[in-house]
Structure formats: structure tokens, C-alpha cells
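> Structure for this input, please:
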Amino acid sequence: MTDIMGVLIGSGATSFGILSKSLPPIVLGLVLAELIMVYDAAARIAFIARPITRFSHLSDAAGASFILAFFSAASANSMLAGFYRDGIIEKKELFVASLVNSFPATTMHWRSLLPVLIPMLGFTGLVYFGLLMLVGLLKTAVVMVAGRLLLEGDRRSSPGEAPEDAAGEDSGEAAGEDSRKAPAKAAGERAKGASTPLAIVERRGEDVKADRPPMKEGLKRSWRAARPKAVRVAKMTTAIMFLVSVLIQVGAFDLLALHLSGIRGYLPIPAAGLGIIAAQFAGYVAAYTVAGGLLAAGELSGKEVVVTLMIGNVITSAAWAARWLIPSHAGIFGPRIGTELVICSTGLRNVLMLSVAFGVMVFW
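Numbering: from 1, shown residues only. Below is the predicted model of the structure:
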């Protein structure tokens with residue numbers, strides 16, 4: 001009984017610590033998504049990302065989330081989830097936009113990685129960070145090409161460009177007198193492919209252009225619209241994170257790490273590098289500390305450290321995804337879509353990570 005209470009208390013503490021950092025940006029993203037709709041700001045924000053969205057056939061709504069991803073990946077994901085639930089973007093665009101947004105999130109890792117990498121590994125750490133950025137860039141390029149092939153036409157919003165069959169759904173806040181389609185009809189047209197993300201964004205923009213509220217009122221409207229979604233996401237995220245914390249407390253992920261570590265012998269890693277990979281299951285700080293010690297002692301060369309860290313990234317990715325990525329994505333997008341996104345993102349990243357690691361082994 002005491003052990004069970006200890007597990008539950010420890011799980012609650014772990015969950016609270018994680019959720020106190022992750023939930024605020026998620027809620028912020030939902031509110032910002034609604035605020036963008038209130039002020040028809042998608043086109044104004046997304047012009048910065050227009051070269052990417054234009055090539056990938058992404059809408060301006062997705063472009064706005066791309067910009068936000070440079071500041072908070074959780075906020076960008078929750079914004080995309082809100083757009084998807086509102087029918088502004090379809091599932092294919094949700095996947096493409098979410099995977100494209102992983103590059104801004106990767107670039108922002110410098111804040112946590114470089115302060116540890118540089119002191120521990122010096123120039124080797126800088127090279128490793130550059131290769132991580134290269135993997136992120138390659139991943140984005142692959143997804144952009146996929147978006148261009150999978151998504152229809154040019155979905156940008158431009159002044160004066162209104163689609164002939166603009167179909168939308170009533171926002172419930174500032175419906176215009178010229179609303180031509182009831183929600184049921186709009187849903188039917190979306191099912192037939194008659195509506196586009198651009199059509200819905202533009203329709204909402206037309207509804208609010210005549211009477212844009214002051215900022216205070218706009219924030220109130222945004223919060224009212226975002227609150228039900230925020231509550232739903234908070235409940236789901238809390239439940240999933242608590243379950244994962246219980247699994248952490250009982251050692252489920254340590255057991256998974258033990259089984260995964262058995263494949264290390266089949267990879268081209270020096271014997272001394274196995275300690276780095278074992279440390280990566282504990283966290284990147286532990287891994288960089290071990291790698292720095294082996295590098296300083298001359299046990300491993302800079303090239304061997306970089307290759308070991310990259311291959312270790314792949315080996316530990318399943319445990320990392322199960323422990324952190326799937327709970328956070330499931331809380332934002334729902335269990336099914338969240339898990340599918342993590343599998344697609346992690347799988348593509350691992351393929352590219354191994355390809356770059358192989359290139360390092362051959363050409364360095």
C-alpha cells in the first residue's frame with residue numbers, strides 16, 4: 001500500500017512539474033489561433049513564411065503556425081489543432097504543416113543544447129549541433145515536397161483573391177448578413193472538396209472586417225472561443241501525462257531502454273561509445289557529459305563522438321517518443337492523430353539521421 005501511494009505521489013509530482021511548463025504555451029496557442037481569426041491576421045503574419053507555404057501548397061493559416069513555431073512548438077501545434085477542429089485545414093495539411101513546423105522547433109534547441117554542448121565538447125559539439133540542424137532542414141525539405149505533391153494548388157490568401165465557391169462555417173461571433181451557406185451545407189461542401197482552408201479564412205475575415213473589435217474585446221472573444229478546446233486539451237494531456245508518469249515510476253521505460261540497448265552491438269559504434277548511448281537514455285546532459293569525458297581522455301575522436309551521438313539519437317528515439325512526444329501530441333491533437341504524427345515525424349527524422357551519420361563516417 002505504501003509503495004502504491006509513493007508511486008502515485010511521485011507520478012503526481014512529475015506530472016505537475018511537466019504540465020506546469022507545457023500547458024501554458026498550449027493554451028496560448030489556442031487563444032492566438034482564435035485571435036488570428038478574430039482579426040483576420042493569418043495573411044498578414046504568414047507572408048514571412050510565404051516562400052515555404054507557397055512551395056508546399058500550405059494555407060496562410062498553416063504559415064502563421066510556422067512563424068509561431070520559432071517561439072513555441074507547443075503553441076504552434078495547438079494552433080494547428082484548433083484550425084483542424086474548426087475545419088480551416090484538412091488532415092493532410094495538418095500533417096504536412098506539423099512536420100514542417102518541426103524545423104523551427106529544432107532551431108530553437110540552441111537555447112538548451114549549446115550552453116551544454118560547447119563547454120562539454122567544444123568544436124565537436126558545434127559540429128554535432130550543425131548536423132542536427134541539417135537533419136531538421138532535410139526533413140523540412142522532404143515534407144515540403146510531399147506537401148507540394150499531396151495538397152491542392154496554391155492556397156495562399158491574397159488581397160482581392162476570393163474563391164468563387166468560398167464555403168465556410170459560421171464562426172458564431174460576427175456572422176455577416178451576406179452569409180450564403182448554413183453550417184450543414186458548408187460541411188457537405190467540405191466533404192465534396194468544394195471548400196478550401198483559404199476560403200474559410202477569407203470568409204471569417206469578411207465577417208469581421210466591418211466591425212473589428214478593440215484589442216480587449218478581441219482577447220475576450222478569443223478566450224471564449226478557445227476555452228472549451230483548452231479544457232478538453234488540458235483534461236486529455238493531464239490524464240495521459242499522469243499515466244506516463246506512473247509508468248516512469250514503476251520502471252517501464254527503464255525496461256524498454258534495457259531491451260532497446262541490445263541492438264547497440266549491431267551498429268558501427270566504438271566500444272567506448274556504448275556508455276554515451278546508455279547515458280542518452282537518461283538525458284542529453286548526461287550523454288554530453290560522458291562524451292566530453294571520453295573526448296578529453298582521448299578514448300574517442302571527434303568524429304566517433306558525433307557518429308555515436310547521432311546513432312544514439314536513433315536508438316533512444318522510441319523511448320523518448322513514448323515518454324514525452326506521444327503524451328504531449330496526444331493531448332493536443334487527440335490520441336490517434338497525435339500518435340500518427342509522432343510516428344511519421346520520428347520515423348522520417350531517424351532515416352535522415354542515419355543517412356547523415358553514414359555520410360559523416362564516409363566523408364569525415
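> could you pull out the helices for the stretch 51-200 of the chain?
If DSSP state H, counting those that start in this stretch is used as the criterion, the helices of the stretch 51-200 of the chain fall at 60-69, 73-85, 91-100, 102-107, 110-121, 123-150, 183-192, 197-209.
> Now do the first one against helix 91-100, angle only.
Here helix 60-69 runs at an angle of 20 degrees relative to helix 91-100 (axes from the mean of the first three to the mean of the last three CA atoms, to 10 degrees).
> quick one on the thing from earlier: would you turn the helices of the stretch 51-200 of the chain into a markdown table with mean pLDDT, mean neighbour count and distance to Ser355?
In short, each C-beta sits where N, CA and C put it, glycine included. A markdown table is the format used below for these (pLDDT from 0 to 100; neighbours: other CB atoms under 10 Å; distance: least, CB to CB, whole Å):
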| stretch | mean pLDDT | mean neighbour count | distance to Ser355 |
| --- | --- | --- | --- |
| helix 60-69 | 83 | 28 | 24 |
| helix 73-85 | 86 | 26 | 24 |
| helix 91-100 | 92 | 23 | 17 |
| helix 102-107 | 77 | 20 | 16 |
| helix 110-121 | 73 | 15 | 21 |
| helix 123-150 | 92 | 17 | 8 |
| helix 183-192 | 42 | 14 | 38 |
| helix 197-209 | 48 | 22 | 33 |
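> nearest to Met5, of those?
When the helices of the stretch 51-200 of the chain are compared by CB to CB, helix 73-85 sits nearest Met5, at 31.3 Å.
> on contacts alone, who are the packing partners of the closest one?
Helix 73-85 is packed against helix 2-38, helix 60-69, helix 91-100, helix 102-107, helix 215-249, helix 326-333, with contacts defined by 3 or more CB pairs under 8 Å, 6 or more residues apart in numbering; DSSP states H and E.
> swap the cut-off to 7 Å and go again
helix 2-38, helix 60-69, helix 91-100, helix 215-249, helix 326-333 (3 or more CB pairs under 7 Å, 6 or more residues apart in numbering; DSSP states H and E).
> May I have that helix exported as PDB, CA atoms only?
Extracted C-alpha coordinates of helix 73-85, given in PDB (Å, rounded to 0.1, in the frame of the first residue of the first chain):
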ATOM      1  CA  ALA A  73       6.400  24.400 -30.700                       C
ATOM      2  CA  ALA A  74       3.500  23.500 -28.300                       C
ATOM      3  CA  SER A  75       1.700  26.800 -29.100                       C
ATOM      4  CA  ALA A  76       2.200  26.200 -32.900                       C
ATOM      5  CA  ASN A  77       0.800  22.600 -32.600                       C
ATOM      6  CA  SER A  78      -2.200  23.700 -30.500                       C
ATOM      7  CA  MET A  79      -2.900  26.400 -33.100                       C
ATOM      8  CA  LEU A  80      -2.900  23.800 -35.900                       C
ATOM      9  CA  ALA A  81      -5.100  21.500 -33.800                       C
ATOM     10  CA  GLY A  82      -7.600  24.400 -33.400                       C
ATOM     11  CA  PHE A  83      -7.500  25.200 -37.100                       C
ATOM     12  CA  TYR A  84      -8.100  21.500 -37.900                       C
ATOM     13  CA  ARG A  85     -11.000  21.100 -35.400                       C
END
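> Contacts for it, please.
22, 25-26, 28-30, 32-33, 61, 65, 68-69, 89, 94, 97-98, 101, 105, 229, 233, 328, 332-333 (CB atoms under 7 Å, 6 or more residues apart in numbering).
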